[in-house]
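A.B. asks: Fold the following, please.
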Amino acid sequence: MQFHHHGYVSGDPRVQPATGYGLKRPAELPDEVDVLIVGSGPAGMIAAAQLAQFPGIRTHVVERRAGRLEMGQADGIQARSVETFQAFGFAERITAEAYRITEMAFWKPDPERPENIVRGAVPPDDTTGISEFPHLIVNQARVLDYFAEVAARGPARVTPDYGLEVVGLTVAGAAEAPEAADGAQADEHPVTVTLRHTTGPREGTERTVRARYVVGSDGAHSAVREAIGRKPVGDKANHAWGVMDVLAVTDFPDVRTKCAIQSHDGGSILLIPREGGYLARWYVDLGEVPPGESARVRATSLDEVIARANRIIHPYTLDVKDVPWHSVYEVGHRVTDGFDDVPAELADVRTPRVFLTGDACHTHSAKAGQGMNVSMQDGWNIAWKLAHVLTGRAPEALLATYSAERQVVAQNLIDFDREWSRLMATPPEDLPDPTYLEDFYVKTQEFPCGFMTQYQPSMIVAEPVHQELATGFSVGKRFKSAPVERVAEGNPAHLGHHARADGRWRVYAFADAAAPAEPSALRDWAEWLASAPGSPLLRHTPAGTDPDSVLDVKVVYQQDHFGVEFADVPDVFRPRVGPFGLIDYEKVYATDPDHDIFELRGIDRGGAVVVVRPDQYVAAVLPLSARDELSAFFAGALLPQPRPQETTQQDTTQQDETNTEENA
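C.D. replies: Numbers count the residues shown, from 1 in each chain. Prediction:
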């Protein structure tokens, strides 16, 4: 974590100074905002945490509940989410309080006494070392607390306004192109949202707020989704499950291990140990739901769920002492027919103003542990894009990529969850072979871990024509970190862990084999990036801001840190930042001799450039010689920024502090 670049900080460095809108943020929800986030669930709060880093954006969150969530329904935290928490600065703290899954036990009917269950395979949770981050279990409410902390401590000081629900929403000019002749928006705040107070002295009264953009994160029964005419497509699987968080005494030996339990004739259980050492979540199979019997099944009592659990785990017993939360639900698999407010016939006419995230656009079972995880990626995806558009970094066309990218992800999730739910509910004797369930679990681990997402070529994902230069950084997939050494002090580091959720693009230059002080392809590339007229660094960095305020450029040498003198490194990798023009020492890396990143990630020894989006997905892989291609890529993704003719990279070190923070 870097701080002190604006002066000495004696307090908690995670609390950023309030700037811009954060200095004059009104106590009451104003009549006009830039972004209105509806719902303070995982998708809404990660969006708030990201947008809070942009103090020039008026971001507000409304939530129908009276206060913070106390008992969340979701609890599974996949490795990709922990990787995301790292970018937001709280991975270590939430890991410390969470339960960590390292293996999963599969229990089946005893072949000799089918009324009993016996332990079968116990495969590791991550058999291939897909991530350095763990698979965790922690209450959803705590995840929201951490994101709320990031949002409240960000420069824009974003905090939810509780006790407000959406009862109406309209978009001005939604049926036609809203742009004026000169390209400016005819209405700067075209979305009118009617809100109703749900609690307090104003309960039942209504008011309106006008917004430039709205993010609907208001759950499976989304009022925002209904207002823009989007519909969930799919149906229920006609299979019911009881779920309960319990404090219990049991002789079941694997109660502190994640388990899939299949009985002979009583159904199945998915057992998830919870954080804290005592609590556990039991998903109990209640069987098929006959036509017209949905209401009756949903009325299944807690005692019946406990009795069914005892039948399934025979000969073991479960003596429940306390139940903090329980529910009964039918498995449903639905994907909304569009994730924004632009109908297909108007896709080439106007850009979206309203976006759907999380359960508002995809619903499924809870047993694959995907709902909260995928929802958070929804929220991050749209938030950084909104920030780019609202700060003038990118054209409005960027916003159309949200639905294009995330709708595919949601459909893949539904397909996976449908198969996993079906297998969990299938009697063992009806599966193709006795180990079919655990084999499916091992074979598909990359998907539930959150690493199968691969965005297709677009204005922010290049064609993978140079993929062979870095085979371990697949274009369109998340940037898979690897160990390196930081040159300035020789400390071991993970290359991707230094990237924070600050809205910046990362440009990683992997050096050729030449010594750092010698002429090389890397040095030529660095000099071009720092000074050439076509350099994307110069074209897209606003005047008066740090030279790395938009593109965070780093280098990785093939030598170890003893073979790299910091003074020999090109200036573009040693930018001067903040009001004092201090040197950033944390952009120059060397290869860890014990974990050669060039070998681990298949990087060509002739060098390569890897471009990574603000949400950690690889946007391009290019050779060091492909300068025109790099310029063209960023010209399509970002807008040129006005810069005085005399401004150079060194000149930008003498900058105005307020402007720097406004563009943080």
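A.B. asks: Double-check that V193 belongs to a strand.
C.D. replies: Yes - under DSSP: H, G, I helix; E, B strand; the rest coil, V193 sits within a strand.
A.B. asks: That one and V246: what is the separation?
C.D. replies: 40 Å (CB to CB, to the nearest Å). Bear in mind the C-beta positions are built from the backbone N, C-alpha and C, glycine included.
A.B. asks: same question, I46
C.D. replies: 29 Å.
A.B. asks: Could you do L279 as well?
C.D. replies: Taking CB to CB as the measure, L279 falls 7 Å from V246.
A.B. asks: Of these two, give the one with the bigger neighbour count.
C.D. replies: V246 (24 against 20; other CB atoms under 10 Å).
A.B. asks: For that one, name its beta-bridge partners.
C.D. replies: Bridge pairing for V246 (DSSP bridges) gives the partners A280.
A.B. asks: check contacts around F573.
C.D. replies: A509, A526, V553, K554, V555, K587, V588 (CB atoms under 8 Å, 6 or more residues apart in numbering).
A.B. asks: closest to F416 among those?
C.D. replies: Using CB to CB, K554 comes nearest to F416 of the contacts of F573, at 34.3 Å.
A.B. asks: pretty sure that closest one contacts V507?
C.D. replies: Yes - using CB atoms under 8 Å, K554 is in contact with V507, at 7.2 Å.
A.B. asks: quick one: average pLDDT of the longest helix anywhere in the chain?
C.D. replies: The longest helix of the chain (DSSP state H) is helix 400-425. Over the span of helix 400-425, the pLDDT mean works out to 85.
A.B. asks: Show me what the helix or strand just after it is in contact with.
C.D. replies: Once the chain leaves helix 400-425, the next helix or strand it forms, by DSSP states H and E, is helix 436-443. Applying CB under 8 Å, 6+ apart, the contact partners of helix 436-443 are 104, 106, 120-121, 123, 127, 260, 262, 419-420, 423-424, 428, 431.
A.B. asks: Relative to G636, which of those residues is nearest.
C.D. replies: Closest approach between the contacts of helix 436-443 and G636, by CB to CB: E419, at 37.2 Å.
A.B. asks: What count of nearby residues applies to that closest one?
C.D. replies: Neighbours of E419 (other CB under 10 Å): 13.
A.B. asks: what does Q454 give?
C.D. replies: 17.
A.B. asks: Now the helix or strand harbouring A151: buried residues?
C.D. replies: Remark: A151 resides in helix 140-153, with elements defined by DSSP H and E. Residues of helix 140-153 classed as buried by neighbour count (16 or more other CB atoms under 10 Å): Q140, R142, V143, L144, Y146, F147, A148, E149, V150, A151, A152, R153.
A.B. asks: Report the two of the residues you listed separated the most.
C.D. replies: Maximum distance among the buried residues of helix 140-153 (CB to CB): 20.6 Å, for Q140 and R153.
A.B. asks: The contacts of helix 436-443 into TSV, with extra columns for distance to A635?
C.D. replies: Putting the contacts of helix 436-443 into TSV (distance: CB to CB, whole Å) gives the following:
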residue	distance to A635
M104	47
F106	52
G120	56
A121	52
P123	47
T127	43
A260	50
Q262	56
E419	42
W420	43
L423	48
M424	49
P428	57
L431	53
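A.B. asks: Where does confidence bottom out across the residues you listed?
C.D. replies: The lowest pLDDT within the contacts of helix 436-443 belongs to T127, with 67.
A.B. asks: ok, V465 to E629 distance?
C.D. replies: Taking CB to CB, one finds V465 at 9 Å from E629.
A.B. asks: of those two, who's got more company?
C.D. replies: Neighbour totals were compared for V465 and E629, and E629 leads with 17 against 14 (other CB under 10 Å).
A.B. asks: my hunch is that that one is in a helix, does that hold up?
C.D. replies: Yes - assigned with three-state DSSP, E629 falls within a helix.
A.B. asks: quick one: it and L622 touch, right?
C.D. replies: Yes - under the criterion of CB under 8 Å, E629 makes contact with L622 at 5.5 Å.
A.B. asks: Check the contact lists of those two and give me the overlap.
C.D. replies: A462.
A.B. asks: and the residue nearest in space to the middle of the chain, what helix or strand is that in?
C.D. replies: Closest residue to the average C-alpha location of the chain: Q377 at 3.0 Å, with CA atoms, centre = their mean. Assigned by DSSP H and E, Q377 belongs to helix 371-390.
A.B. asks: That helix relative to helix 140-153, how many degrees between them?
C.D. replies: Relative orientation of helix 371-390 versus helix 140-153 (axes from the mean of the first three to the mean of the last three CA atoms, to 10 degrees): 20 degrees.
A.B. asks: Okay, angle between helix 371-390 and helix 400-425 too, please.
C.D. replies: Inter-element angle recorded for helix 371-390 and helix 400-425: 180 degrees (by the same axes, to 10 degrees).
A.B. asks: circling back: next step: the contacts of F573 restricted to strands.
C.D. replies: The members of those that map onto strands under DSSP state E are A509, V553, K554, V555, V588.
A.B. asks: If we only consider these, which is nearest to Y21?
C.D. replies: Proximity of the ones in strands among the contacts of F573 to Y21 (CB to CB) peaks at V553, which lies at 28.7 Å.
A.B. asks: what's the nearest residue to that closest one if we skip its chain neighbours?
C.D. replies: V507 (4.6 Å; CB to CB, 6 or more residues apart in numbering).
A.B. asks: helices or strands up against the host helix or strand of that neighbour?
C.D. replies: Using DSSP H and E, V507 sits in strand 505-510. On a contact count with 3 or more CB pairs under 8 Å, 6 or more residues apart in numbering; DSSP states H and E, strand 505-510 meets helix 521-531, strand 551-556, strand 608-612.
A.B. asks: Alpha carbons of the shortest one, in PDB - could you do that?
C.D. replies: I take that to be strand 608-612. What follows is strand 608-612, C-alpha atoms only, in PDB (Å, rounded to 0.1, in the frame of the first residue of the first chain):
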ATOM      1  CA  ALA A 608       6.100  -8.500 -24.700                       C
ATOM      2  CA  VAL A 609       3.500  -6.000 -23.600                       C
ATOM      3  CA  VAL A 610       0.400  -7.100 -21.700                       C
ATOM      4  CA  VAL A 611      -2.400  -4.600 -21.300                       C
ATOM      5  CA  VAL A 612      -4.800  -5.100 -18.400                       C
END
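A.B. asks: I'd like the next helix or strand past it.
C.D. replies: Sequence-wise, the next helix or strand downstream of strand 608-612 (DSSP H and E) is strand 618-622.
A.B. asks: Walk me through which strands that next one pairs with, and which way each runs.
C.D. replies: strand 608-612 (antiparallel).
A.B. asks: so where is the chain shaky, pLDDT-wise?
C.D. replies: Within the chain, the stretches with pLDDT under 70 are 127-128, 175-186, 236-238, 331, 365-370, 445, 447-448, 644-664.
A.B. asks: again, only this time at 50
C.D. replies: Low-confidence segments of the chain, defined by pLDDT under 50: 177-185, 646-664.
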